[in-house]
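Enquirer: Quick one: sequence and predicted model below, then my questions.
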Amino acid sequence: MKNYLVTGGLGFIGSNFVRYILTEDETVKVINLDKMTYAGNPENLKDIEHNENYSFVKGDICDRDLVEKIFSDQKIDVVINFAAESHVDRSIEDAAGFIKTDIEGVWNLLEKSKKYGVERFIQISTDEVYGTIAKGSSDESYPLLPSNPYSASKAGGDRLAYSYFVTHKIPVIVTRASNNYGCYQYPEKMIPLFITNALEGQKLPVYGDGKQMRDWLNVIDHCDAIRFIIENGVPGETYNIAGNCEKMNIDVTEKILEILGLEKDLMSFIEDRPGHDRRYSLNADKLSLLGWKPKKQFHSALEETVLWYKNNENWWKRLKDEEFKEYYKKNYGYRMDIK
Ligand code: NAD
Ligand code: DAU
């Protein structure tokens with residue numbers, strides 16, 4: 001058996017990963033360390049709660065004593081660090097938690113990995129660290145030019161992890177994935193926000209002209225890529241993980257409305273996000289040469305995603321009625337309709 005310390009395993013990608021790995025690999029035990037911020041939801045892993053290969057620790061990756069105890073209680077073979085403050089708009093409002101978790105938290109996990117030794121340390125970074133890409137695509141050697149507090153803090157954690165490979169020989173691998181979509185994504189992110197707003201008959205708030213481009217990666221493909229990288233990736237290397245599916249926001253929005261049989265007039269063009277990156281585009285040839293490519297097709301996987309939110313109203317309605325309501329009022333209330 002291998003012990004995987006998964007951090008942030010109650011969030012969107014982390015919970016999908018925990019379910020995925022426990023289903024795919026019976027030789028893995030997962031210890032899930034999650035602070036349960038607004039984005040960490042135990043309901044995301046309700047079906048896994050009693051799995052004998054799963055245990056949960058509520059806590060902060062920045063907590064030195066707690067992380068020390070986890071490492072001293074059992075041999076940790078692999079660390080997969082998903083834990084982060086992850087929403088760009090929140091980082092524009094207040095960056096404090098981002099600097100803390102996305103940099104200091106990474107440092108704490110690296111220090112304990114140095115002290116106790118691990119086989120792999122996977123730092124889940126993001127394509128946002130490259131900043132906006134005017135032309136072509138960013139490969140792993142492209143300069144890092146993050147342009148919002150979220151991506152800047154992620155770039156800090158990304159390079160800090162690499163420095164522990166160079167300086168302390170910790171077997172660190174950094175992954176940089178593009179925009180994920182799928183089930184259990186907190187409804188503050190564009191795709192789940194737009195699906196759930198549409199289901200509630202509310203407007204879909206498109207920032208600026210809606211012509212910003214993102215590359216869309218299904219969350220299950222992302223989990224599969226991470227597993228592949230744990231098994232086949234080379235320590236010290238960074239791997240881009242792309243969905244090979246670049247789309248303008250406005251096209252994704254129209255597609256969601258089309259799937260739900262709703263009219264385009266539900267779209268509302270509002271004031272842009274400050275510092276909004278116009279385009280992300282990954283060159284993922286390196287991972288492809290190693291032997292991994294995404295399998296999901298965007299259109300059918302988006303349909304599946306819409307259906308999941310349609311069938312799981314209880315999951316998202318509660319989130320939208322509680323903490324999110326205040327956040328939503330604050331963040332969209334002041335934005336002007338520009339159409
Ligand atoms: P999320 O916001 O849905 O989940 C984050 C999880 O981390 C939550 O469960 C939260 O409770 C936990 N957490 C936050 N601070 C913590 C702390 N200090 N200690 C312990 N747990 C803490 O995020 P997500 O969308 O699932 O993203 C997961 C990771 O993937 C992040 O590192 C993010 O930067 C990266 N990433 C996300 C995307 C995307 O499209 N969502 C794309 C590329 C990379
Ligand atoms: O690219 C990877 C990143 O993708 C991850 O590192 C981040 O954790 C994740 O949050 C995501 O960042 P984005 O800013 O790209 O995702 P978001 O869903 O917030 O926005 C996607 C696009 O949609 C972006 O161009 C902004 C736009 N948007 C977003 C919201 C929330 C809107 O037009 N209206 C909205 O209400």
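Expert: Looks like it arrived, so ask away. Ligands and ions are numbered 1, 2, ... in the order given.
Enquirer: Quick check, the residue in this structure closest to ligand 1?
Expert: As assessed by Cβ to the nearest ligand atom, ligand 1 sits closest to residue 11 within the chain, at 2.0 Å. The way it works is simple: take the backbone N, C-alpha and C, and place the C-beta from them, glycine included.
Enquirer: Would you report the backbone torsion angles of that residue?
Expert: Main-chain torsions, residue 11, degrees, to the nearest 10: phi -90, psi -170.
Enquirer: Please apply the same query to residue 312.
Expert: phi -130, psi 50.
Enquirer: what bridges to the closest residue to residue 122 other than its chain neighbours?
Expert: With Cβ to Cβ, 6 or more residues apart in numbering as the criterion, residue 122 has its nearest non-adjacent residue at 4.5 Å, and that residue is residue 80. Counting by DSSP bridges, residue 80 forms beta bridges with residue 6, residue 122.
Enquirer: looking at it, the residue of the chain closest to ligand 1 is touching residue 87, isn't it?
Expert: No: using Cβ atoms under 8 Å, residue 11 is not in contact with residue 87, being 10.8 Å away.
Enquirer: Could you measure from residue 145 over to ligand 2?
Expert: Using Cβ to the nearest ligand atom, to the nearest Å, we find residue 145 at a distance of 14 Å from ligand 2.
Enquirer: pLDDT at the closest residue to that residue other than its chain neighbours, what is it?
Expert: Using Cβ to Cβ, 6+ apart and skipping residues adjacent in sequence, the residue nearest residue 145 is residue 131, 3.5 Å away. The score at residue 131 is 98. That number is its pLDDT.
Enquirer: Residues of the protein that sit close to ligand 2?
Expert: 86-88, 126-128, 178-179, 189-190, 193, 205-207, 212, 214, 249, 273, 280 (Cβ under 6 Å from any ligand atom).
Enquirer: Can you narrow those residues down to the ones near ligand 1?
Expert: Okay, of these touching ligand 1 (Cβ under 6 Å from any ligand atom), that's 86, 126, 179.
Enquirer: What is the neighbour count of the residue nearest to the last one when sequence neighbours are not counted?
Expert: For residue 179, ignoring the flanking residues on the chain, the nearest one in space by Cβ to Cβ, 6+ apart is residue 214 at 4.4 Å. Other residues within reach of residue 214, judged by other Cβ atoms under 10 Å, total 23.
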